[in-house]
Structures are given as C-alpha cells and as structure tokens.
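# what follows is a predicted protein model with its sequence.
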Amino acid sequence: MDDQHFDVVIVGSGAGGGTLAHRLAPSGKRVLIIERGGYLPRERENWQSRAVFVESRYRADDIWYDHEGRPFAPEVNYYVGGNTKFYGAALFRLRPEDFHEIRHHGGLSPGWPLDYTDLEPYYSQAEQLYRVHGRHGTDPSEGPASLPYPHPPVTHEPRIQQLADRLGGLGLHPFPLPIGVDLSEGPDGLPTRDSACVRCDRVDGFPCLLLAKSDAEVVCVTPALRHGNVSLLTHARVDRLETDPTGRTVTEAVATLEDGTTARFRADVFAVACGAVNSAVLLLKSASALHPHGLANSSDVVGRHYLRHNNEALMAVSREPNPTRFQKTLAVNDWYLGADDWDYPLGGIQMLGKSDAEQIRADAPHWAGVSPPDMPLEVLAHHSVDFWLCAEDLPDPDNRVTVGPDGHVRLALRDTNTEGLRRLRHKLAGMLEDLGMHPHRLLPHMVYLHKDMPIGATAHQAGTVRFGDDPDSSALDVNCRAHDLDNLYVVDAGFLPSIGAVNPSLTVMANALRVGDHLVQRLG
C-alpha cells in the first residue's frame with residue numbers, strides 16, 4: 001500500500017475514525033484506514049470477568065508516566081473498532097446548554113464554535129447508524145430531536161422497573177438509557193430468535209462475542225470495507241506525519257509495520273483519530289524545523305486541556321435479590337444542570353452492567369475506609385445494583401499530554417470541579433432506603449473506575465486538540481481542520497473544548513459524520 005496515493009488516510013478506526021470511513025465509503029474516494037492493532041479475537045475469554053478485568057487480557061501493554069515520572073498502565077485498547085470494542089454503548093447527546101458557556105462551582109465550561117442545532121442532524125444520523133434504542137422526550141434535560149430513535153427502549157427487567165417506579169415516586173424523571181445494541185425483543189421482553197443480542201450481563205466493559213454491540217468495527221468499518229475504494233491496514237503504528245517544504249500540507253504518514261519495517265503513506269487529506277491522548281502524541285512527535293512545537297500547535301494547545309469526566313462507579317446492595325442480567329437500561333438526569341439546593345450543575349446517574357462475584361472479589365482488597373460486607377461475595381453480587389455517576393470536569397491548560405525526551409508519553413493531571421460529583425453521590429446515597437437498598441452499603445466499585453479515579457482511567461479521554469474560531473487558543477477550526485495546515489483533520493474526542501456530563505461517544509460519532517460531509521464536498 002505504501003506505493004499508492006490515497007484521497008484520505010484515516011489514522012485510527014474507533015468512534016471517530018471508523019465513523020468517518022463509513023461516511024466516506026460511498027463517495028468513491030480512495031480511503032485507507034491505518035489501525036495500530038488488529039482484530040480482537042473472538043474467544044471464550046471475551047466474556048470472562050477474570051480475563052477482562054483482573055488479568056487485563058485485552059489491554060495494551062503501554063506504560064505512560066505522570067507529572068512526577070511515576071509509571072502507570074492506561075486503560076487503552078488497540079483493536080479494529082478502537083475502545084468502542086469495550087465501551088458500554090451508552091450513546092447520549094450533549095445537552096443544548098453544553099454548547100454554551102456554563103458556570104460551574106469550580107469555574108467556567110467554555111462555549112463551542114457551533115451550536116446544538118448545528119450538530120443535531122448528525123446526532124440523529126449517528127443514532128440511526130449505531131442502532132440506538134431509546135425514547136426521546138423522556139429525559140428532562142435533553143434537546144430537541146429531528147428523528148425518533150431507530151429502536152424502542154430496551155425493556156427494564158423487574159428489579160430495574162421497580163427502581164424506575166420508585167425514582168418516579170420520589171418526584172424524579174427516570175428515563176430509558178439510550179444504548180446501541182442489535183436487539184429485537186418479543187412481547188415478553190425476551191430476545192427474539194433472530195436477535196443478535198441475547199440480553200446477557202456482559203454488555204458493559206466486555207467485547208461482544210456475538211458482535212451484537214454497536215461498536216465501530218461492526219457498525220462502520222466492516223460495512224465500509226465492502227466498498228472497493230476503502231482499505232484497512234492493521235498492526236501499523238503511525239509514528240509521525242511529514243509535510244511539504246512550505247509546512248502547510250501534510251504529505252506522508254510514516255508508520256512502523258508489524259514486522260518492524262517502516263512504510264510511508266501519501267494522501268491528499270489526513271484525518272487523525274487515535275484517541276485524545278495518542279492523537280496529541282502523534283502531532284507532538286511530528287515536530288520539525290517548520291513546526292518546532294509539533295503539528296497544528298502554533299497556539300501551544302496541543303496536548304493541553306485534557307478532559308476525562310469526574311466519574312464514579314458505585315455498587316448499592318439491594319434488600320431483595322437483584323437477578324437482573326441486562327441492567328444497563330435506566331438513567332436519571334434531573335440534576336444535570338442544577339438542583340433545588342445547589343445553583344451549579346451536578347451531573348447524571350445511569351445504570352452499569354451487572355456485577356458478578358469475580359468482579360467483586362477483585363475489588364475486595366481495595367475497600368479501604370469502607371466496612372467489608374457481612375455476606376458471602378456470591379450473595380453480595382446477587383444483591384448488587386450498580387450505578388455510574390458522571391459529572392463534568394473543566395479544561396485546565398496544565399492538565400496536559402507531553403512527550404518526554406525519551407519518547408515516553410507523560411500525562412499531568414489534577415482534579416477539577418469535583419464538588420458537583422460529591423453532591424451527586426450524596427443525592428444517590430440519600431435515596432437508597434427509599435429505593436429498597438441498604439442505606440449504609442454504597443461501595444466504591446473498583447473494577448470499573450478504581451477508587452478515586454486514578455490517572456490511568458482514560459475511558460472518556462478528550463480535549464487535547466480542541467477546536468475553535470481563534471487560532472491563538474485552539475488547534476482546529478470549526479470543521480476540525482488544523483488552523484496551521486490545509487489538509488490535516490482530527491476527528492476523535494480530542495476536538496472537544498468541553499465534555500459535558502454524558503458519555504462522549506455519540507458526540508464523536510456525530511461530529512465524524514459532519515466532518516465526513518465536509519470532506520466529501522471538499523474532495524468533489
């Protein structure tokens with residue numbers, strides 16, 4: 001492939017790169033997707049808690065370093081489909097208010113160079129493409145939608161329906177969590193014979209052995225490759241991008257192949273979608289005499305303003321058994337923008353995948369400061385109800401990705417705007433008894449996010465190559481093209497100037513479709 005010239009080279013095949021490839025595929029333009037990893041193997045271990053969470057069977061062996069030079073293992077995966085192979089497929093839209101400046105307790109969340117109405121049509125298209133199940137109009141904080149979800153909400157199992165009813169009885173507005181799965185339900189709520197999804201308890205954090213989760217490989221990359229103009233190169237790590245003598249045009253992607261050899265790939269347009277951290281690393285490693293601080297970095301913002309959300313995964317203990325398998329069907333956003341006792345946004349609560357005894361056993365040594373359960377772990381797992389709390393963190397220029405002289409990735413991070421998350425946890429804890437839970441058993445769920453959200457928790461990484469109207473304070477323009485270069489785009493979550501308090505995946509997908517339309521028009 002390195003002796004060919006492509007119209008577009010896409011670096012990365014996840015939520016951004018895979019979706020962009022899908023949008024470009026029908027155009028007839030020659031597209032090459034370069035993926036650092038290969039296809040994730042389909043094997044029994046895909047659904048085994050010990051293999052996935054305890055042994056980290058599928059996690060990359062990368063070692064990054066914090067601001068003090070201490071090594072840590074980031075939660076990243078390099079496969080066709082990127083980190084969507086392991087995500088929980090919760091596909092939320094940002095709220096209309098998230099596109100404007102919002103005052104938080106900890107500071108300001110900046111406005112965007114476009115509005116909710118600009119992205120709304122692409123949100124609708126992304127929901128159709130990624131087979132989202134949900135119901136618009138039930139989330140009190142959501143914006144208008146031009147299309148209904150393509151599929152009805154996933155039915156609550158009895159214990160979660162009871163939870164929804166009790167939340168409603170407290171005056172809240174629980175709603176069906178929007179989730180991307182290839183599921184067809186019968187009148188009894190059970191999967192039909194032709195349903196790919198079987199409503200198992202492995203949706204959250206596991207790769208789907210049945211290819212029934214709406215990840216970027218299944219939904220976008222595989223269909224795109226059916227077009228003869230789209231190619232995929234796996235096990236190829238792009239090390240740098242090189243420009244022409246003017247410094248205004250990227251001419252080649254230089255990659256290391258699986259056998260250790262170097263190859264160069266030429267194209268008219270380059271789209272970087274390696275994930276917020278690795279996209280910043282690629283641009284910084286592409287420094288040259290004409291771009292001494294890295295590509296797209298005349299503003300010195302590349303790598304800065306790293307975002308990841310303020311998250312907690314918490315396990316409550318139900319007084320009655322919770323035999324739910326597919327638990328990830330419910331969410332509450334009543335306090336997304338504020339509360340009656342707090343003038344600032346708190347965030348949202350949603351269900352997680354169901355805990356099992358193996359996951360809890362791995363957590364047990366880390367329950368520092370929490371009374372250990374007085375019941376066998378198998379019984380505890382059978383009574384667990386698992387919640388995900390998500391609040392907005394704020395962009396800080398000193399929360400940044402850099403590349404050390406030794407070539408190692410360094411990530412400096414300090415927490416921002418944490419009071420909203422603390423109050424959100426207090427809201428949930430105060431409802432436990434009314435929700436049929438033991439009021440003093442709200443345990444930190446170590447498997448998903450580990451205690452105190454360590455630096456290696458990178459599932460929602462964003463913000464390192466932000467877009468904006470001002471070239472002095474942003475790296476990309478409104479079309480996600482680098483201000484400094486004519487043909488370089490970034491289409492992963494690095495473009496986000498703020499992250500809101502919902503999972504960023506659908507926003508990345510919608511934006512990739514938007515940038516794809518721009519590129520189709522540009523290429524003619």
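Looks like it came in fine. Numbering: from 1, shown residues only.

# please count neighbours and contacts with C-alpha atoms only from this point.
OK.

# neighbours of residue 336, just the number please.
25 (other Cα atoms under 10 Å).

# who are the neighbours in contact with it?
Contact analysis of residue 336 by Cα atoms under 8 Å, 6 or more residues apart in numbering lists 141, 345, 346, 347, 348, 501.

# just the pLDDT for residue 432.
In this model, residue 432 is scored at 88, pLDDT.

# and the spatially closest residue to it that is not a sequence neighbour, how many neighbours?
Nearest residue to residue 432, sequence neighbours excluded (Cα to Cα, 6 or more residues apart in numbering): residue 439, at 5.2 Å. Neighbour count of residue 439, defined by other Cα under 10 Å: 17.

# is residue 439 in a helix, a strand, or coil?
Assigned by DSSP: H, G, I helix; E, B strand; the rest coil, the conformation of residue 439 is strand.

# adjacent strands (with direction) for the lengthiest strand in the chain?
Identified as the longest strand of the chain according to DSSP state E is strand 262-272. Strands that pair with strand 262-272, judged by DSSP bridges, come out as strand 5-11 (parallel), strand 250-256 (antiparallel), strand 488-490 (parallel).

# can you put those in TSV and add distance to residue 166?
TSV is the format used below for those (distance: least, Cα to Cα, whole Å):
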stretch	distance to residue 166
strand 5-11	47
strand 250-256	55
strand 488-490	44
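
# quick one, which of the ones you listed is nearest to residue 222?
Closest to residue 222 of the strands paired with strand 262-272, according to Cα to Cα: strand 5-11, at 14.9 Å.

# quick one: the helix or strand just after the closest one to chain centroid distance?
Remark: after strand 5-11, the chain's next helix or strand is helix 17-24, criterion DSSP states H and E. Offset of helix 17-24 from its chain centre (Cα atoms, centre = their mean, to the nearest Å): 17 Å.

# stretch 149-169 now?
Offset of stretch 149-169 from its chain centre (Cα atoms, centre = their mean): 24 Å.

# just the CA atoms of that stretch, as PDB, please.
Coordinates of each C-alpha in stretch 149-169 appear next as PDB, following Å, rounded to 0.1, in the frame of the first residue of the first chain:
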ATOM      1  CA  TYR A 149     -34.600   6.600  17.900                       C
ATOM      2  CA  PRO A 150     -34.500   3.800  15.300                       C
ATOM      3  CA  HIS A 151     -35.400   1.200  18.000                       C
ATOM      4  CA  PRO A 152     -37.600   1.300  21.100                       C
ATOM      5  CA  PRO A 153     -36.000   1.400  24.600                       C
ATOM      6  CA  VAL A 154     -34.600  -1.900  25.900                       C
ATOM      7  CA  THR A 155     -37.100  -3.200  28.400                       C
ATOM      8  CA  HIS A 156     -36.300  -2.900  32.100                       C
ATOM      9  CA  GLU A 157     -36.100  -6.200  33.900                       C
ATOM     10  CA  PRO A 158     -38.400  -6.400  37.000                       C
ATOM     11  CA  ARG A 159     -35.900  -5.100  39.600                       C
ATOM     12  CA  ILE A 160     -34.900  -2.200  37.400                       C
ATOM     13  CA  GLN A 161     -38.500  -1.400  36.600                       C
ATOM     14  CA  GLN A 162     -39.200  -1.300  40.300                       C
ATOM     15  CA  LEU A 163     -36.200   1.100  40.700                       C
ATOM     16  CA  ALA A 164     -37.600   3.300  38.000                       C
ATOM     17  CA  ASP A 165     -41.100   3.300  39.600                       C
ATOM     18  CA  ARG A 166     -39.600   4.300  43.000                       C
ATOM     19  CA  LEU A 167     -37.500   7.100  41.500                       C
ATOM     20  CA  GLY A 168     -40.600   8.400  39.800                       C
ATOM     21  CA  GLY A 169     -42.400   8.200  43.100                       C
END
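
# buried sites along that stretch?
149-157, 159-160, 163-164, 166-167 (16 or more other Cα atoms under 10 Å).

# can you give me the helices in the stretch 351-500 of the chain?
357-363, 377-383, 419-431, 446-449 (DSSP state H, counting those that start in this stretch).

# tell me the most buried of those helices?
Highest mean neighbour count of the helices of the stretch 351-500 of the chain: helix 446-449, a mean of 21 (counted as mean count of other Cα atoms under 10 Å).

# show me what the longest strand of the chain is in contact with.
1-12, 17, 250-257, 279, 487-492.

# now list the buried members of these.
5-12, 17, 250-257, 279, 487-492.

# coming back round to it: what's the angle from the longest strand of the chain to helix 17-24?
80 degrees (axes from the mean of the first three to the mean of the last three Cα atoms, to 10 degrees).

# what residues of stretch 291-308 count as buried?
Those buried within stretch 291-308 under the rule 16+ other Cα under 10 Å are 291, 293-298, 300-308.

# check contacts around residue 506.
For residue 506, the contacting residues are 91, 92, 93, 123, 126, 127, by Cα under 8 Å, 6+ apart.

# report the residue spans of the protein with pLDDT below the cut-off.
Along the chain, the parts satisfying pLDDT under 70 run over 362-375, 440-453.
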